[in-house]
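Trainee: Just to be clear, the model below is a prediction. Sequence and coordinates:
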Amino acid sequence: MFGNAALHHVDLEMAPGEIARVLKPGGKAAFIDDLRYHPVLWLYRHIARRKHTLFEAPLILRDLEWFTGSFSEIKAETFDILNLMPKRKRVASVLTKVDDALLQVMPGLRNCCRYVVVKLVK
């Protein structure tokens, strides 16, 4: 199962059980989603102030705790703090390296990344 920008639209109390229900034992799911505290996106959200669904809220890493009872394995990889220009390959490459270095030195910045990739195994 794969989802792109989906988790922040669902009820995180119910979603893990439903995802686990449709997966076979050992089945895998992966999701990529925005994180709440990326500085540029946080500012945009506070200016735009609109929701599309009842449960819409950008994720924080602590939200992944909802998945612990339903899955044998949960991994979260965060990326893109500075890199907001994926079309400029040379600039993006440099910013990705800086992002990686920042996250190595200051892992607390993971909550400030733009994206999280969540990998689940039932």
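Mentor: Arrived safely.
Trainee: got a list of what the residue lying closest to Ala57 once chain neighbours are set aside touches?
Mentor: In space, not counting the residues next to it along the chain, Ala57 is nearest to His8; the distance is 6.0 Å by Cβ to Cβ, 6 or more residues apart in numbering. Backbone N, C-alpha and C define where each C-beta goes, glycine included. Residues in contact with His8 (Cβ atoms under 8 Å, 6 or more residues apart in numbering) are 33-34, 56-59.
Trainee: Helix, strand or coil: sort out His8 for me.
Mentor: helix (DSSP: H, G, I helix; E, B strand; the rest coil).
Trainee: Leu120 too?
Mentor: When states are read from three-state DSSP, the local structure at Leu120 comes out as strand.
Trainee: could you list every residue that touches it?
Mentor: 19, 28-31, 67, 71, 73-74.
Trainee: In this structure, where is pLDDT below threshold?
Mentor: Counting by pLDDT under 70, the low-confidence segments of the chain come to 50-54, 85-86.
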